[in-house]
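Visitor: Any chance you can model this:
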Amino acid sequence: MSDVTRAKHGRPVHHWRRDIIELAALFTAVAVADAVANLVGHGPDGPELLLVSAAVLVATAGFHTWWARRHGHAPPKGDTGARPRSEKQAGPPDQSRDAAAPVAEEGALWRMRTTVKDEPGSLAALCTALAELRVDILSLQTHPLAEGTVDEFLLRSPGGLAAAEITRAVSVAGGTGTWIERADAHDLVDAPTRVLGLATRTALDAAELPLALRQLLGRCTIRSLPAVPAGGGRGPEPVPVEGALEDTVMRLRAPEGGVITVERPYLPFTPTEFARARALVELDARLGSRVPRSQDVLTLPEGNDITVRRVDTGDLAAAKEMHERCSAGTLRMRYHGPVGDADRYLNHLLSPRFGRTLAVQTASGRIVGLGHLLWDGDETEVALLVEDAWQRRGVGSELLRRLVGMAIEADCESVYAVTQSSNTGMVAAMRGLGVPLDYQIEEGTLVITARLAPPVEPEGAVGVTERLSSAGEWRSAEAP
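Guide: Below is the predicted model of the structure:
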């Protein structure tokens, strides 16, 4: 009898048919016993027959008792019909079972894309192939194409399973153009939640748009090209209002009239990704210029109070006034060109479309220092300008420290500064960050690169990357 029949809701099941049969058997036995007693008691040898019957019953009872002790009548352990024990009541598993169970290795997270035919059963074949490798599918997104469908998976594989084995199984199951790379815990966030978070960041700060696009589209190069270059010359080719998608390059119209170019050479963009990026840019355009207005008041070692805050193009006039108070040598060391062209760069530098700018302001409201964190494709540049009267007082170091903190929050792996080899103040400020530095000098121009995170190195499989984690690997990777 099955467990379902024997027990229901954790209680033994009593059937009314069994009770009726037992009662009928009892009444039948009483009737037979009464008939036998009447027959034997009224016969000539009645007493003798009763004694013999009693002896037979005693012998039968004794035999039954001996047999029951030697051969237990307990039902099998797995079929007792009793209420199953809960996990808290249950004891530890058998030691033999623990010894026989294999030790599970730590799994790995993967992001994978592959193109399948748009027909019934194609996705099922792919899932079956992954299941045979004991690969767990954590999430799935589909990107419809004109021919076929791009399926994007977040996978968890058993420890020791290489990316090449996964791509080989996917190829056999019908997947083409397969790309795979290591993922991390941040990828566990589902796509709608991630997109809403990026939209919120963009709504709060216009400078977040390039960073939001990069997190939305993965490893890619984003360039914001102004409609009119700061140094003059011809601007970029205009793009339609709806943008343009060309395989691994998408071009979007920037809210201020320029062009945002996104390139991802290792993986073509899908129409779904293009639509998401365009929606994010449209949101930024509708909200207009906006910069967080928080500010911090600090006291310098000499006792003067200064305020550090975000600025944008609305502070252009105050920034130009600071230029007028700076010496020609200070401006030349900052802009590496004719002093008269310094004001032409300010509108570009202060625009949140191309990065973030911090200003140091005195108690009277005068700007005495500017620090820029500029998005430069895959790289990030830091630049400082401090009025002559406020140099060597810790203003530049405070600006640089905060800019680097912003770069770390934006997941930038490094920042670089372009200056002159004679600019000892900038060199000292970079060294004060306490991070590994690389120096490159060409014809008096010094480029200092600060490594903020371990570099990403590819694995053997196509598209697979993994971060170095130990400090020893970090330093050895920087060695020439």
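
Visitor: quick one: the helices in the stretch 251-400 of the chain?
Guide: Secondary structure of the stretch 251-400 of the chain (DSSP state H, counting those that start in this stretch): helices at 271-287, 316-325, 328-335, 342-350, 395-409.

Visitor: Spatially central, which residue of the protein would that be?
Guide: The chain has residue 186 as the residue nearest its centroid, 1.5 Å off, counting by Cα atoms, centre = their mean.

Visitor: Can you lay out the helices of the stretch 251-400 of the chain as a markdown table showing mean pLDDT and distance to residue 116?
Guide: (C-beta placed from N, C-alpha, C; glycine too.) Listed next are these as a markdown table, based on pLDDT from 0 to 100; distance: least, Cβ to Cβ, whole Å:
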| stretch | mean pLDDT | distance to residue 116 |
| --- | --- | --- |
| helix 271-287 | 91 | 15 |
| helix 316-325 | 94 | 53 |
| helix 328-335 | 89 | 53 |
| helix 342-350 | 87 | 45 |
| helix 395-409 | 92 | 38 |
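
Visitor: on that earlier part again, Three-state assignment for the residue nearest to the centre of the chain, please.
Guide: helix (DSSP: H, G, I helix; E, B strand; the rest coil).

Visitor: who's the nearest residue in space to residue 254 that is not next to it in sequence bridged to?
Guide: Nearest residue to residue 254, sequence neighbours excluded (Cβ to Cβ, 6 or more residues apart in numbering): residue 260, at 5.0 Å. Beta-bridge partners recorded for residue 260 (DSSP bridges): residue 224, residue 252.

Visitor: is it true that residue 260 touches residue 281?
Guide: Yes - if you go by Cβ atoms under 8 Å, residue 260 and residue 281 touch, sitting 6.6 Å apart.

Visitor: where do the contact lists of these two overlap?
Guide: 209, 213, 252-254 (Cβ atoms under 8 Å, 6 or more residues apart in numbering).

Visitor: top of those by neighbour count?
Guide: For the shared contacts of residue 260 and residue 281, the largest number of neighbours (other Cβ atoms under 10 Å) sits with residue 252, at 27 neighbours.

Visitor: Got the confidence number for it?
Guide: Listed pLDDT for residue 252 reads 93.

Visitor: and the spatially closest residue to residue 435 that is not a sequence neighbour, which of the three is it?
Guide: Take residue 435 and drop its neighbours on the chain: the residue closest to it by Cβ to Cβ, 6+ apart is residue 450, 5.0 Å away. On the three-state scheme (three-state DSSP), residue 450 is labelled strand.

Visitor: who's in contact with residue 450?
Guide: Residues in contact with residue 450, defined by Cβ under 8 Å, 6+ apart, are 404, 414-417, 430, 433, 435-437.

Visitor: Restricted to strands, list these.
Guide: 414-417, 437 (DSSP state E).

Visitor: Same list as before, those that is, but in a markdown table and with distance to residue 141 and neighbour count included.
Guide: Output for the ones in strands among the contacts of residue 450, formatted as a markdown table (distance: Cβ to Cβ, whole Å; neighbours: other Cβ atoms under 10 Å):
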| residue | distance to residue 141 | neighbour count |
| --- | --- | --- |
| 414 | 31 | 18 |
| 415 | 33 | 26 |
| 416 | 35 | 18 |
| 417 | 39 | 21 |
| 437 | 40 | 17 |
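
Visitor: okay, those in a markdown table with distance to residue 159 and pLDDT next?
Guide: Written out in a markdown table, the entries for those read as follows (distance: Cβ to Cβ, whole Å; pLDDT from 0 to 100):
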| residue | distance to residue 159 | pLDDT |
| --- | --- | --- |
| 414 | 31 | 91 |
| 415 | 36 | 93 |
| 416 | 38 | 94 |
| 417 | 42 | 94 |
| 437 | 37 | 92 |
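
Visitor: Any stretches of the stretch 1-150 of the chain with poor pLDDT?
Guide: Scanning the stretch 1-150 of the chain for pLDDT under 70 picks out the ranges 1-16, 30, 36-37, 39-47, 49-50, 67-106.

Visitor: Let me have the helices of the stretch 251-400 of the chain in a markdown table, adding mean neighbour count as columns.
Guide: Output for these, formatted as a markdown table (neighbours: other Cβ atoms under 10 Å):
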| stretch | mean neighbour count |
| --- | --- |
| helix 271-287 | 17 |
| helix 316-325 | 15 |
| helix 328-335 | 17 |
| helix 342-350 | 18 |
| helix 395-409 | 19 |
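
Visitor: for those helices, which one sits closest to residue 297?
Guide: Closest to residue 297 of the helices of the stretch 251-400 of the chain is helix 395-409 (Cβ to Cβ; 12.0 Å).

Visitor: Okay, the spatially closest residue to residue 197 that is not a sequence neighbour and residue 196: tell me how far apart.
Guide: Spatial nearest neighbour of residue 197, excluding adjacent residues (Cβ to Cβ, 6+ apart): residue 189 at 7.8 Å. Distance of residue 189 to residue 196, computed by Cβ to Cβ, to the nearest Å: 10 Å.

Visitor: distance of the residue nearest to residue 254 from residue 277?
Guide: On the measure of Cβ to Cβ, residue 260 and residue 277 end up 9 Å apart.
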